[in-house]
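Participant: Got a predicted structure here, sequence first:
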Amino acid sequence: FIRPVQASGVEPEDLRQAFSWLEWERIIPSGARVFVKPNLTWPTPLPGVTTTPKAMESLAIVLKDRTDRIIFGEADGGYHAYEVEDAFTGHHLYALKDRYGIEVVNLTDLPSETVEGVIGGKKMSVTLPAMLLHDIEVFITMPVPKTHVMTGVSLGFKNQWGCLPSPMRLREHAEFDQKIVLINKLLQPKLTVMDGTYFLD
């Protein structure tokens, strides 16, 4: 079921208070190139499933206190279900681009590279956008709190699965446990901003 927790949604001041408590100046250097990965697993806002437009706007407003180099990005829907540009439109990210000067990128369209690593004694490989591997100083993940059929809760880890550029990434679910750890080790998220407007159980 879906339970609204805070009807007004995430306000900029909520984030400022939380970030101040975290001493975020140590995490996000002034002028840093910041990438934000929301959870846009549907073309239009879906309570408990996608990151709310209000939360994304609040984060953009607060990040502007530290830097003008802000990128929001997501990959195309799994199994080619939708082009992520539709989700950008549906979640008002292009409006945020015009209003706040952020960048919006489709991770599926970016140059990518395959990286190997050893997880739990097993050699694994993942293909990720080169920009995320080499050009981002601060990675922020912005998931929705959910339970998940494969585990208890997915917290801030599973959202990075959407950084795999291929819409056929679901074919890699057989090695999900190891690959999601490798993805997070490679991308090294510095902050998890959980959009708690809705919880999905």
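Facilitator: On my side now, so go ahead. Numbers count the residues shown, from 1 in each chain.
Participant: T197 versus the closest residue to K122 other than its chain neighbours, what's the distance?
Facilitator: Excluding the flanking residues, the one nearest K122 by CB to CB, 6 or more residues apart in numbering is Q178, at 5.9 Å. The C-beta positions use only the backbone N, C-alpha and C, and glycine is treated the same way. Q178 sits 32 Å away from T197, taking CB to CB, to the nearest Å as the criterion.
Participant: one step back: burial measure for the residue nearest to K122, as a count.
Facilitator: 18 (other CB atoms under 10 Å).
Participant: Can you name the residues that contact it?
Facilitator: If a contact means CB atoms under 8 Å, 6 or more residues apart in numbering, then Q178 has 119-120, 122, 124 as its contacts.
Participant: One more: C163?
Facilitator: Per CB under 8 Å, 6+ apart, neighbours of C163: 37, 75, 107, 128-129, 132, 183, 187.
Participant: Mind checking which of the residues you listed land in strands?
Facilitator: Those of those mapping onto strands are 37, 128-129, per DSSP state E.
Participant: just the helices in the chain please.
Facilitator: For the chain, the helices defined by DSSP state H occupy 12-21, 53-63, 84-90, 93-100, 130-134, 176-187.
Participant: Quick check: Q160 touching V181?
Facilitator: No - between Q160 and V181 there is no contact under CB atoms under 8 Å: 10.0 Å.
Participant: between those two, who's got more neighbours?
Facilitator: The neighbour count for Q160 versus V181, taken as other CB under 10 Å, is higher for Q160 (24 against 16).
Participant: ok, and the closest non-adjacent residue to that one?
Facilitator: I183 (4.8 Å).
Participant: What about the one you found, how many residues nearby?
Facilitator: That count, for I183 with other CB under 10 Å as the rule, works out to 25.
Participant: ok now do it, which residues does it touch?
Facilitator: 126, 128, 160-161, 163-164.
Participant: Which of these fall in strands?
Facilitator: 126, 128.
Participant: Tell me which two in the contacts of I183 are the farthest apart.
Facilitator: Within these, L128 and W161 form the most distant pair, 11.0 Å apart (CB to CB).
Participant: How many neighbouring residues does I70 have?
Facilitator: 24.
Participant: I'd guessed V84 sits against W42; true?
Facilitator: No - applying CB under 8 Å, one finds V84 not in contact with W42, separated by 10.8 Å.
Participant: distance of the residue most central in space within the chain from C163?
Facilitator: Nearest residue to the geometric centre of the chain (CA atoms, centre = their mean): K37, 2.0 Å. Distance, K37 to C163, by CB to CB: 6 Å.
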